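Novice: what follows is a predicted protein model with its sequence.
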Amino acid sequence: MDQKISIKIAERTFNLSASSPEQEEVIRLAADAINKRLENYTRKNPGKTLVELMSMVALNECACRISFQRDIDAQKAETQQLVSDMANYLANIEK
C-alpha cells in the first residue's frame, strides 16, 4: 500500500505517494538535492525568476543523469569485453 508523503521544493509543498520506504527515501533525497542546487543557483544568479532557476536545476540534473548513464554504458561494454577476453583466454589454456 502506498504511503502518503509531503515534500517541499522551492517553498512549495507537494503531496506524493511512495510505494516503499526505499522509494520514500529516494524522493526525499531528490527533493533535498533539488533544494540545495536551487539555493546555489539563487545565490549565484540574483534576480532570476524561479522558473529560470528551476530550468537551470532541471538542465543540470538531466545533464548529470545522461553523463552517469554514459559512464554506466561504457563500464558495461568494458565488462563484456573483459568477460569475452577471459573466456577466450580460458579456452586457449585448455587446448
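Specialist: Perfect, thanks for sending it.
Novice: how about low-confidence regions in the protein?
Specialist: 94-95 (pLDDT under 70).
Novice: ok, the spatially most central residue of it to Asn92 distance?
Specialist: Centroid check for the chain by Cα atoms, centre = their mean gives Arg65 as the closest residue, at 5.3 Å. Distance from Arg65 to Asn92, counting by Cβ to Cβ, to the nearest Å: 41 Å. Yep, even glycine has a C-beta here, placed from its N, CA and C like the rest.
Novice: ok, Gly47 next?
Specialist: Per Cβ to Cβ, Gly47 is found 67 Å from Asn92.
Novice: which ones are touching the nearest residue to Leu50 once chain neighbours are set aside?
Specialist: In this structure, Leu50 finds its nearest non-sequential neighbour in Ala10, 6.1 Å apart by Cβ to Cβ, 6 or more residues apart in numbering. Ala10 sits next to 34-35, 38, 50, 54 when contact means Cβ atoms under 8 Å, 6 or more residues apart in numbering.
Novice: rebuild those as CSV, extending it with distance to Asp73, secondary structure and neighbour count.
Specialist: As requested, the contacts of Ala10 are exported to CSV (distance: Cβ to Cβ, whole Å; DSSP: H, G, I helix; E, B strand; the rest coil; neighbours: other Cβ atoms under 10 Å):
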residue, distance to Asp73, secondary structure, neighbour count
Ile34, 25, helix, 17
Asn35, 30, helix, 16
Leu38, 29, helix, 18
Leu50, 34, helix, 12
Met54, 28, helix, 17
